[in-house]
Structure formats: structure tokens, C-alpha cells
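Chemist: Give me the fold of what follows.
(2 chains)
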Amino acid sequence: GAGVSQSPSNKVTEKGKDVELRCDPISGHTALYWYRQSLGQGLEFLIYFQGNSAPDKSGLPSDRFSAERTGGSVSTLTIQRTQQEDSAVYLCASSLIQGSNQPQHFGDGTRLSIL
Amino acid sequence: RKEVEQDPGPFNVPEGATVAFNCTYSNSASQSFFWYRQDCRKEPKLLMSVYSSGNEDGRFTAQLNRASQYISLLIRDSKLSDSATYLCVVRGSGNTPLVFGKGTRLSVIA
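Modeler: Here you go, the predicted model:
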């Protein structure tokens, strides 16, 4: 079946602009996660949605970052007034809800470059 | 102390060699453990889960030592296609986010 789908694949924008990244999880997966990976760094957790519960936003680096998940499926991550340090690969993952041993399946990511 | 620590490598090994990676984690409440593989400029992909009793999948063997908070991955008979970065991943209870190590880079050389 279809995997996690992210768009756009690449995004280049000027500092100060807003960007919106999209994630379409695997059908039936109720948990959705956003991570980012800066060059040469490990993956950094940003935000997590599980079903209809309030999202866990503990990883968002600043109030310029926000995310929503409408209808329990597609999610958008918005970065306002982008800064050069926001340049990274933004990865979305989804998983089934039951049990902590459920692996997360990743999309291909959005490579964001802030000029 | 970082939550998940790995030797960044690189490990450069000839084809057919056996290579082992280690990882330590700081949160004793961690409940789930995984190894992911990430190829250059690609997304991470699950290689295998790690179970308390240790588990094997073909040429790959994973082990967990809860007392020492230590995880290992052994690759036997290395192939060129095994060249990648191997990410040690740890998780708390439920569907909490994964915590990733920075990865260990492996290059298998002909």
C-alpha cells in the first residue's frame, strides 16, 4: 500500500517568508509525528499527534513553528518568518496506535533551504 | 548527557567482514528499542526492533542489555549494500516520539 507522502520534496525560500509543509500518513495510522534533521545531526522531534488527543508540542523550537492535523489524517507544519537555521530536512512519520513497539514509518521528507 | 549515544564512525570494513555497533541510552524508563537504517539523503527505514532476549534477522543480530542501558547491532558477512548510517532509536511508553542517536556510518568496501 501507499507509504507516508510528503510535499513538497524540496523548498527554497527567502528568509522571513512563511512555509507550509504537508504530510499524508499511511491510511489507518492514527499517530503522526514531525521530526527535522539538520545537516550532520540526528533526528529532532518536533510535534506528535495521536487520534483526537491534544498534540504533544514539546519539541517545537519556537513559536514560529505550528502544526495541525485536520480530520485525523493529513497534517501541515507551518514555519512563520523563516530563519536560516530552519534549513533542514523535515520528516513526517506515522504509526498504528497500539503499543510502544509499533515502528514508525517515514516519508521521504521535505528539504527546506532558507536563503 | 545525550539521551542516545552512538559512535559516529565511520566504520570502513571489507566485504564479508563482521561489524558491530553499540549504543547507550540514558532514560531507564525506555521501553522500546529499534535500529533504523538511513541511506544518504534518504529517509530512515526500520531495520529491526530489538527485544530483551535478543533477536536475529538473517545476517543481523540485535541485543539489549537493560541493566547497562546498552544496545548492539551485529552485521555478519557484510555486503556493499549494507553501506549506510545506522540509527539507534529508543522510545518510552505508548506512542511517545522516538529518540534517535546521531547514527553510526558504515562503509563496506570491495
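Chemist: Can you get me a residue count around residue A:4?
Modeler: Neighbours of residue A:4 under the rule other Cβ atoms under 10 Å in any protein chain shown: 23. C-beta here means a position set from N, CA and C on the backbone, and glycine is covered the same way.
Chemist: any low-confidence regions in the chain?
Modeler: Defaulting to chain A. Residue ranges of chain A with pLDDT under 70: A:1, A:98-100.
Chemist: ah, I was thinking of chain B
Modeler: Answering for chain B: the residues below the bar, that is pLDDT under 70, span B:1, B:94-95.
Chemist: again, only this time at 80
Modeler: Per-residue confidence for chain B (pLDDT under 80) gives these ranges: B:1-2, B:93-96.
Chemist: Those residues of it touching chain A, which are they?
Modeler: B:4, B:31-32, B:34, B:42-46, B:49, B:87, B:91-103 (Cβ under 8 Å from any Cβ of the partner chain).
Chemist: Among these, which are located in strands?
Modeler: If you go by DSSP state E, the residues of chain B next to chain A have B:4, B:32, B:34, B:44-46, B:49, B:87, B:91, B:99-100 in strands.
Chemist: Any quick ChimeraX command for the buried ones out of those residues?
Modeler: Buried subset of those, written as a ChimeraX selection, criterion 16 or more other Cβ atoms under 10 Å in any protein chain shown:
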select /B:4,32,34,44,49,87,91,99,100
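Chemist: of the ones in strands among the residues of chain B next to chain A, closest to residue A:86?
Modeler: Nearest to residue A:86 among these is residue B:100, at 19.3 Å by Cβ to Cβ.
Chemist: What about residue 104, how many residues nearby?
Modeler: Answering for chain A, as no chain was given. The burial count for residue A:104: 25, using other Cβ under 10 Å.
Chemist: I was thinking of chain B, sorry if that wasn't clear
Modeler: So residue B:104, with other Cβ under 10 Å, has 22 neighbours.
Chemist: Dig out what it forms beta bridges with.
Modeler: Beta-bridge partners for residue B:104, by DSSP bridges, are residue B:86.
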